[in-house]
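Chemist: sequence plus the predicted model coming up.
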Amino acid sequence: MSELTTLQHLIGGERVEPASGESFESTNPATRQPLYRAARGNATDIDRAVASATAAFEDPRWRDLSQTRRGHLLRRLGDLIAEHAEELARMETLDNGKLLREMRGQLATLPEYYHYYAGLADKIHGDVIPTSDRRVLNYTTREPLGVVGAITPWNSPLTLTSSKLAPALCAGNTVVIKPSEYTSATVLRLAELALEAGFPPGAVNVVTGFGAEAGAPLVDHPGLAKISFTGSTATGSRIASAAAGRFIGSTLELGGKSPNIVFEDANIPNAAMGVVAGIFAAAGQTCIAGSRVLVHRAVHDELLERVTERARAIRIGDPLEETTELGPLAFAEQRDKVAGYVELGREEGARVLTGGRATDGGLGGYFYEPTILVDVDNSMRVVREEIFGPVLAVLPFDTEEEAVRIANDTEYGLAAGVWTTSLSRAHRMADRLEAGTVWVNTYRAMSPMSPRQGFKTSGVGVEHGTETIKEYTRLKSVWINTGEEPVADPFTLRS
């Protein structure tokens with residue numbers, strides 16, 4: 001990609017200039033150097049994209065395609081992603097600053113999303129329902145919804161877009177994607193690969209731009225049958241209200257402040273690595289980040305020493321380098337937000353054990369040191385609010401009951417980790433933690449085959465697994481009278 005290439009929308013299978021004629025710049029967060037310009041979309045562009053997706057949905061080339069053939073297209077798309085994995089990994093690293101070696105790992109598994117739903121495409125079916133009259137046949141069918149809107153974030157653009165795109169296409173819908181304004185490039189490339197795989201023009205459309213100018217018109221568009229969003233709880237709340245007002249469905253994967261709980265019987269070296277992976281991987285820019293560590297007082301000092309030692313040794317630098325362990329935050333405002341929260345923590349009485357400073361990483365970028373806060377309690381904003389950066393708060397506890405109380409004392413319910421060698425305790429905690437995903441003696445494990453759902457303000461609906469197909473289909477009940485007898489007069493009593 002040349003340095004300041006302008007990336008246009010992809011609508012109806014073609015590169016389309018924005019109605020406004022305007023574009024905006026995307027920069028490399030590691031160096032602050034400009035990468036490319038992207039079309040600045042607005043309501044007119046969204047209208048054009050939804051019209052294209054509607055036409056594709058009604059086109060017999062897509063509407064009448066067998067479910068097995070639909071699966072073939074998904075499998076081909078997965079194969080193309082695998083063929084272009086290195087290209088996509090580098091593009092995403094340059095766009096959002098994630099480590100290239102981490103992106104290579106993500107791209108190695110991303111085709112599985114499409115392969116999984118390729119296999120599922122011709123397993124979508126209804127049921128035959130028993131009735132009280134054997135002459136009447138009652139059966140159900142699962143139908144695609146129509147045009148699905150997908151608004152995706154900047155922290156893992158390809159993975160989180162695929163969580164929506166693969167099942168939506170599997171079910172027979174068409175899609176309009178509005179990627180984050182910070183990471184437009186790889187989603188546009190993904191849509192090109194969908195065309196190359198054989199999906200008809202208009203099945204996958206991408207409109208780039210800002211939330212207020214392109215995202216909001218997509219949410220409010222009357223041609224939309226469903227909206228799927230990953231991002232902040234505040235924005236998710238507004239989208240849910242808009243969708244409910246029009247009686248369309250929404251799937252929302254939102255914020256988190258996940259507890260990572262270490263008991264006195266845990267393997268402490270393993271737990272320490274799990275804590276480090278839970279918060280400092282991806283520079284803490286994941287909704288499932290284990291940003292609250294609850295540790296039993298008996299092992300508090302040992303765990304803290306291990307985690308602090310590793311945090312201080314984390315190598316900050318160029319995310320393209322194999323030896324780098326922590327890349328930049330994705331953009332300046334996010335770096336400033338993280339710095340502001342750490343200062344707030346200090347004002348609230350927290351002590352910064354390590355980190356607590358912004359740095360340019362020697363490259364001029366938006367880096368922030370791995371940071372550990374102690375002397376905190378669960379009432380502090382720095383412990384209760386999502387920071388979305390490499391900032392860990394550590395809280396001691398004395399009993400299992402206290403750990404459960406602190407862990408559940410949050411508006412969020414996305415994920416939780418438990419470190420223990422007690423099988424009984426593992427099951428007790430899995431049962432009592434108010435989180436859609438619970439990991440025991442591991443953290444951040446994920447698969448397109450395993451459903452995930454946010455509890456409380458962390459989301460609505462299910463992503464991944466077979467369950468998510470229900471999110472992208474509607475159920476129809478069909479009644480057929482197979483009898484040949486005349487239909488009885490409803491006002492004449494039978495003898």
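Modeler: Nice, I can see it.

Chemist: could you use CA atoms for every contact and neighbour count after this?
Modeler: Fine.

Chemist: ok, and the closest non-adjacent residue to the residue nearest the centre of the chain?
Modeler: Closest to where the C-alpha atoms of the chain average out (CA atoms, centre = their mean) is residue 160, at 4.0 Å. Distance criterion CA to CA, 6 or more residues apart in numbering; nearest residue to residue 160, sequence neighbours excluded, is residue 152 at 6.6 Å.

Chemist: now do residue 344
Modeler: Of all residues not flanking residue 344 in the chain, residue 382 sits nearest, at 7.0 Å (CA to CA, 6+ apart).

Chemist: quick one: which helix or strand includes that neighbour?
Modeler: Assigning secondary structure by DSSP states H and E places residue 382 in helix 381-384.

Chemist: roughly how far is the helix or strand that that helix is followed by from the heart of the chain?
Modeler: Tracing the chain past helix 381-384, the next element assigned as helix or strand by DSSP H and E is strand 391-397. The chain centroid and the centroid of strand 391-397 are separated by 25 Å under CA atoms, centre = their mean, to the nearest Å.

Chemist: how about strand 391-397 as CSV, C-alpha atoms only?
Modeler: What follows is strand 391-397, C-alpha atoms only, in CSV (Å, rounded to 0.1, in the frame of the first residue of the first chain):
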residue,chain,number,x,y,z
VAL,A,391,-3.3,-0.9,33.7
LEU,A,392,-3.9,-3.6,36.4
ALA,A,393,-5.5,-3.1,39.8
VAL,A,394,-4.7,-5.6,42.5
LEU,A,395,-7.0,-6.3,45.4
PRO,A,396,-6.4,-8.8,48.3
PHE,A,397,-9.1,-11.0,49.7
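
Chemist: which other helices and strands does that strand contact?
Modeler: helix 268-280, strand 292-296, strand 371-374 (3 or more CA pairs under 8 Å, 6 or more residues apart in numbering; DSSP states H and E).

Chemist: pretty sure residue 295 is touching residue 399, no?
Modeler: No. Residue 295 is beyond contact range of residue 399, at 10.1 Å (criterion: CA atoms under 8 Å).

Chemist: who's more crowded, these two?
Modeler: Counting neighbours by other CA atoms under 10 Å for residue 295 and for residue 399 shows that residue 295 has the greater number, 24 against 13.

Chemist: show me how the chain divides into domains.
Modeler: The record's domain parsing of the chain by the TED database lists 6-254+458-478, 259-440.

Chemist: quick one: low-confidence ranges for this structure?
Modeler: The chain contains residues with pLDDT under 70 at 1-3, 494-495.

Chemist: burial count for residue 331?
Modeler: Residues near residue 331, counting by other CA under 10 Å, number 22.

Chemist: give the full set of residues in contact with it.
Modeler: Under the criterion of CA atoms under 8 Å, 6 or more residues apart in numbering, the contact list for residue 331 reads 29, 96, 182, 366.

Chemist: could you rerun that using 10 Å?
Modeler: 26-30, 32, 95-97, 154, 182, 365-367 (CA atoms under 10 Å, 6 or more residues apart in numbering).

Chemist: go on, residue 267?
Modeler: Here residue 267 is in contact with 419, 420, 421, 441 (CA under 10 Å, 6+ apart).

Chemist: who touches both of residue 295 and residue 399?
Modeler: Common neighbours of residue 295 and residue 399, using CA under 10 Å, 6+ apart, are 263, 264.

Chemist: show me where the stretch 51-200 of the chain has helices.
Modeler: Remark: helices assigned in the stretch 51-200 of the chain by DSSP state H, counting those that start in this stretch are 60-63, 67-83, 85-96, 100-120, 157-170, 185-197.

Chemist: for these, give me CSV that also has distance to residue 437.
Modeler: Converted to CSV, these look like this (distance: least, CA to CA, whole Å):
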stretch, distance to residue 437
helix 60-63, 35
helix 67-83, 26
helix 85-96, 26
helix 100-120, 19
helix 157-170, 16
helix 185-197, 27
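
Chemist: residue 488: which of the domains of the chain is closest?
Modeler: Nearest to residue 488 among the domains of the chain is domain 6-254+458-478; the distance by CA to CA comes to 14.2 Å.

Chemist: how far does the closest one stretch from start to finish?
Modeler: One end of domain 6-254+458-478 sits 50 Å from the other (CA to CA, to the nearest Å).

Chemist: same check, this time on stretch 205-212
Modeler: Taking CA to CA, stretch 205-212 runs 19 Å from one end to the other.

Chemist: off-centre distance for it?
Modeler: Centroid separation for stretch 205-212 versus its chain: 17 Å, with CA atoms, centre = their mean.

Chemist: ok, now stretch 297-312?
Modeler: Counting by CA atoms, centre = their mean, stretch 297-312 comes out at 30 Å from the chain centroid.

Chemist: who's in contact with it?
Modeler: Outside stretch 297-312, the residues that touch it by CA under 10 Å, 6+ apart are 262-266, 268-276, 280, 293-296, 313, 353-355, 369-372, 374, 390, 394-399.

Chemist: show me which of these are buried.
Modeler: Listed as buried from the contacts of stretch 297-312 are 262-264, 266, 268, 271-276, 280, 293-296, 354-355, 369-372, 374, 390, 394-397; burial here means 16 or more other CA atoms under 10 Å.

Chemist: dump stretch 407-416 to PDB, restricted to CA.
Modeler: Extracted in PDB, the C-alpha atoms of stretch 407-416 (Å, rounded to 0.1, in the frame of the first residue of the first chain):
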ATOM      1  CA  ALA A 407     -15.800 -10.100  41.600                       C
ATOM      2  CA  ASN A 408     -19.500  -9.700  41.100                       C
ATOM      3  CA  ASP A 409     -19.700  -6.100  42.400                       C
ATOM      4  CA  THR A 410     -19.500  -4.500  39.000                       C
ATOM      5  CA  GLU A 411     -21.900  -3.400  36.300                       C
ATOM      6  CA  TYR A 412     -20.000  -5.700  33.800                       C
ATOM      7  CA  GLY A 413     -20.200  -9.400  33.300                       C
ATOM      8  CA  LEU A 414     -18.100 -10.300  30.300                       C
ATOM      9  CA  ALA A 415     -15.500 -12.700  31.500                       C
ATOM     10  CA  ALA A 416     -13.700 -13.900  34.600                       C
END
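
Chemist: which residues sit against the helix holding residue 382?
Modeler: Here helix 381-384 makes contact (CA under 10 Å, 6+ apart) with 256-258, 291-293, 340-346, 348, 350, 373, 376-378, 387, 391-395, 409-412.

Chemist: tell me which residues in it are buried?
Modeler: Neighbour counts over helix 381-384 (16+ other CA under 10 Å) mark 382, 383, 384 as buried.

Chemist: need the residues you listed in JSON lines with distance to residue 69, can you?
Modeler: What follows is those, written out as JSON lines (distance: CA to CA, whole Å):
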{"residue": "382", "distance to residue 69": "50"}
{"residue": "383", "distance to residue 69": "49"}
{"residue": "384", "distance to residue 69": "48"}
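
Chemist: nearest to residue 76 among these?
Modeler: residue 384 (43.7 Å).

Chemist: tell me which helix or strand the spatially closest residue to residue 30 that is not a sequence neighbour sits in.
Modeler: Nearest residue to residue 30, sequence neighbours excluded (CA to CA, 6+ apart): residue 365, at 4.2 Å. In the assignment (DSSP H and E), residue 365 maps to no helix and no strand.

Chemist: so how far is residue 389 from residue 365?
Modeler: Residue 365 sits 15 Å away from residue 389, going by CA to CA.

Chemist: same thing with residue 85?
Modeler: 26 Å.

Chemist: ok, those two, which is more surrounded?
Modeler: Legend: neighbour count by other CA under 10 Å for residue 85 and residue 389, higher for residue 389 (30 against 21).

Chemist: and that one, what does it touch?
Modeler: When contacts are counted by CA under 10 Å, 6+ apart, residue 389 touches 279-286, 289, 291, 328-330, 334-335, 337-339, 341, 367-371.
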